[in-house]
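Enquirer: Okay, here's the prediction I keep looking at, along with the sequence it came from:
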Amino acid sequence: MGAAKNIYEKLNKIKNKPELALGLLYYSKLCCGEWDELKSLLNKIKTNLSLGQVSLTPFTAILSTADPNLQYLAAKNFSDKYINAKSKINHDFKKNITHKKIRIAYLSSDFYNHATSHLIAGLFENQNKEKFDYYAFSYGKLDNSKIARRVKSSFNNFFDIEAQSDEEISKILYNHEIDIVVDLKGHTKNNRLKCLSNRPCPIQISYLGFPGSLGTDFIDYLIMDSFTVNKDNRSFFNENIIYLPNSYQCNENKSKILLSKKDLNLPDNKIILCSLNNAQKYNIKLLDIWAQILIENPNTILWLLDDNEIVIENITNFFINKKINKSRIVFATRTDTKTHISRMVLADIYLDSYPCNAHTSASDALQANLPIVTISGNSMSSRVTGSLLKTINAEELICRNYSEYKKKINFLINNKSSLSKIRDKIRKNKNKNLFNSKLFAINLEKAYEKIWKSFLNGEKIADIKIK
């Protein structure tokens, strides 16, 4: 990423540079942990976005701000220029109306050892095949991992379409007479959103991969919940919303292995604050709050996830410049999901990221009964952890701003009994509504039935709420 940053710096010196040049420089600096110029860069990007330019990718926008309007503009400008079809095809869906069972297809490049598959495998295994015909279309790499085998065995109809073009995938979906297609990627790496731009299916949904509006003109619904999308940010979604009764994030209860602090080079006599998250979710304000907490609580260490060498060096130097001994910053290597969740059992408090929350890592923390202190802002991507906590009745860990966030973390560091009670609450509540794939599948299938019935009745597409 350092080499890429150097290229983007040169690119931005060109007079007639591409619209996205600033955004590419911003993202490369974020990934390298060069935070000092990000605020001024983002201000320039905001101005360009308001003028309709594609100056920031939608994915970078969710990492950069909790402003739902800026996120929406980034998604809409990008979709208008690169994804929305210039000419539409009027498909005939008369055959779909005759289906005895609703045909539902999931579309993704992540049906392998990927975070998405680890979240959604339990949902796939609990699908009601008596009432629905399920399909999976994979356009990404496939491996022989345990999770990939679980996903594949959940479907009677699993197709590898990696070699097909967007146009060919669109025709495959249409020819299979898919009634409801569910895109699992959104504006994330290796997506093939464009294959849905000519509406090959009567109902098109996006779910899980991208935490925000896609800004397209061909996605009918997003699957969310009333915490992630509320009255304050609803207007920044041009899609209709399927509101699920608990958290929108599907999950299952995962097994763990026994690890010790010695196994992971962690001190026995310190309070371990962790944020085992991608470093691109860090920013100067967040790190400054963490530094203040470390200074005020000398009995703590900060446990972070190993990233590229440049960002590790910059993070370490940041804390050294704050007069914090580098021995108090420990980096964990990347590992498999089971080990990752198991090692979090050893931590005391998970420090969530903001403005983009931890998402999969947040649910991993709760799997380990680890209290996670979060800030819930205005954007959907800043409210994901809050959604998980609300589902398990641990809303006392949800903060509104950095001041509350710091205060809550300091309180828990110095009140072991309160921390223990929260751990017990997580342990007691987590499997009722959150890590319950069967219940999630039931609620989601209620939504599929409801929106399909509305389609058959010729009703206008609108938000729906599942109770």
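Expert: Now that the structure is in, tell me what you want to look at.
Enquirer: The nearest residue to Ser454 once chain neighbours are set aside and Asn77: what is the separation?
Expert: Distances taken as Cβ to Cβ, 6 or more residues apart in numbering put Ile461 closest to Ser454, at 7.2 Å, once the chain neighbours are dropped. The C-beta positions use only the backbone N, C-alpha and C, and glycine is treated the same way. As judged by Cβ to Cβ, to the nearest Å, Ile461 and Asn77 stand 24 Å apart.
Enquirer: more neighbours, these two?
Expert: More neighbours surround Asn77 than the other of Ile461 and Asn77, with 22 against 13 (other Cβ atoms under 10 Å).
Enquirer: Assess the claim that that one and Gly52 are in contact.
Expert: Yes - Asn77 lies in contact with Gly52 (Cβ atoms under 8 Å); the separation is 6.0 Å.
Enquirer: Now Cys201. Nearest residue, chain neighbours left out?
Expert: Nearest one to Cys201, counting by Cβ to Cβ, 6+ apart, is Val181 at 4.2 Å.
Enquirer: Show me whatever sits in contact with both of Asn77 and Gly52.
Expert: Counting by Cβ atoms under 8 Å, 6 or more residues apart in numbering, no residue touches both Asn77 and Gly52.
Enquirer: thinking again about what came up before, what about the residue nearest to Ser454, which SS state?
Expert: coil (DSSP: H, G, I helix; E, B strand; the rest coil).
Enquirer: check contacts around Ser376.
Expert: Counting by Cβ under 8 Å, 6+ apart, Ser376 has contacts 227, 382-383, 385-386, 398-400.
Enquirer: Please spell out the ChimeraX selection for the buried subset of these.
Expert: Command for ChimeraX that selects the buried part of the contacts of Ser376, burial taken from 16 or more other Cβ atoms under 10 Å:
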select :227,382,383,385,386,398,399
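Enquirer: Let me have the contacts of Ser376 in JSON lines, extended by pLDDT, secondary structure and distance to Tyr243.
Expert: Shown next, in JSON lines, are the contacts of Ser376 (pLDDT from 0 to 100; DSSP: H, G, I helix; E, B strand; the rest coil; distance: Cβ to Cβ, whole Å):
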{"residue": "Phe227", "pLDDT": "98", "secondary structure": "coil", "distance to Tyr243": "10"}
{"residue": "Ser382", "pLDDT": "98", "secondary structure": "helix", "distance to Tyr243": "18"}
{"residue": "Arg383", "pLDDT": "98", "secondary structure": "coil", "distance to Tyr243": "13"}
{"residue": "Thr385", "pLDDT": "98", "secondary structure": "helix", "distance to Tyr243": "18"}
{"residue": "Gly386", "pLDDT": "98", "secondary structure": "helix", "distance to Tyr243": "15"}
{"residue": "Ile398", "pLDDT": "98", "secondary structure": "strand", "distance to Tyr243": "19"}
{"residue": "Cys399", "pLDDT": "98", "secondary structure": "strand", "distance to Tyr243": "24"}
{"residue": "Arg400", "pLDDT": "98", "secondary structure": "coil", "distance to Tyr243": "22"}
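Enquirer: Can you report how many residues neighbour the residue nearest to Ala115 when sequence neighbours are not counted?
Expert: Spatially, and ignoring its direct neighbours in sequence, Ala115 is nearest to Thr360 (4.4 Å; Cβ to Cβ, 6+ apart). Around Thr360 there are 19 other residues, counting by other Cβ under 10 Å.
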